[in-house]
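Colleague: have a look at this prediction, sequence included:
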Amino acid sequence: MKEVNPWALHRITEVLLEAEQRGLWNAKPETKQELQKLFMEIEGELEGCSDLT
């Protein structure tokens, strides 16, 4: 999914992290950490893409 549609993956991770933050989802600490890592990684890649346009 990251290669095909990184924007969708970015949005999905954003929504999951927001749900966890609001107490709507009780993610394991490891899961939350992996989502945060993925979110930041994708965000950096997307910002890099937007700098080229």
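Modeller: Structure's in. What do you need?

Colleague: can you give me the buried ones in stretch 18-36?
Modeller: By neighbour count with 16 or more other C-beta atoms under 10 Å, stretch 18-36 contains the buried residues 20, 32, 35. From N, CA and C alone the C-beta is placed, and that goes for glycine too.

Colleague: the last one against residue 18, yeah?
Modeller: The reference is to residue 35. No: judged on C-beta atoms under 8 Å, residue 35 makes no contact with residue 18 at a distance of 10.5 Å.

Colleague: what touches both of the two?
Modeller: Overlap between the contact sets of residue 35 and residue 18, as judged by C-beta atoms under 8 Å, 6 or more residues apart in numbering, is nil.

Colleague: in contact with residue 27, which residues?
Modeller: With contact taken as C-beta under 8 Å, 6+ apart, residue 27 is in contact with 16, 20, 35.

Colleague: go again with 10 Å.
Modeller: By C-beta atoms under 10 Å, 6 or more residues apart in numbering, residue 27 lies in contact with 16, 17, 19, 20, 21, 33, 34, 35.

Colleague: how about the nearest residue to the first one, chain neighbours excluded?
Modeller: When the adjacent residues along the chain are set aside, residue 16 lies closest to residue 35, with 5.7 Å between them (C-beta to C-beta, 6 or more residues apart in numbering).
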